[in-house]
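K.L.:
no sequence on this one, just coordinates:
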């Protein structure tokens, strides 16, 4: 599993995106709480309650700055 750290312009950590071997992604905030998911098979972005938010890989919308 690959983990990418997402930072703002001041290098503050906004969160992490973990990508598995199939291309599915899990979005976590700086305290590692799950914010949402991207399912490559369904091509949909979901929040932590599995509610569809967008079609396609829109994982960055789940992270917001301070």
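P.N.:
Thanks, I have the structure now. None of the values given here were measured: they were computed from a predicted structure. Residues are numbered from 1 along each chain as shown.

K.L.:
just the element for the most centrally placed residue in the chain, please.
P.N.:
The centre of the chain sits closest to residue 27, judged by Cα atoms, centre = their mean, with a distance of 2.6 Å. Using DSSP states H and E, residue 27 maps to strand 25-28.

K.L.:
strands paired with that strand, and their directions?
P.N.:
Taking DSSP bridges as the criterion, strand 25-28 sits next to strand 13-19 (antiparallel), strand 34-39 (antiparallel) in its sheet.

K.L.:
may I see the buried residues of it?
P.N.:
Across strand 25-28, burial judged by 16 or more other Cβ atoms under 10 Å covers 25-28. All C-beta atoms are positioned from the backbone trio N, CA, C, and that covers glycine.

K.L.:
contact partners of it?
P.N.:
Contact partners of strand 25-28, identified using Cβ atoms under 8 Å, 6 or more residues apart in numbering, comprise 15-20, 34-38, 40, 57, 59, 62-63.

K.L.:
now do the same contact list for residue 2.
P.N.:
Counted by Cβ under 8 Å, 6+ apart, residue 2 has contacts 18-19.

K.L.:
give the residue farthest from the middle of the chain.
P.N.:
Largest centroid distance in the chain under Cα atoms, centre = their mean is residue 10 at 20.0 Å.

K.L.:
looks to me like that one is in a strand.
P.N.:
No. Residue 10 is assigned coil when assessed by DSSP: H, G, I helix; E, B strand; the rest coil, not a strand.

K.L.:
could you check how far it is from residue 53?
P.N.:
Relative to residue 53, residue 10 is positioned 27 Å away (Cβ to Cβ, to the nearest Å).

K.L.:
confirm that residue 53 sits in a strand.
P.N.:
Yes. Judged by three-state DSSP, residue 53 forms part of a strand.
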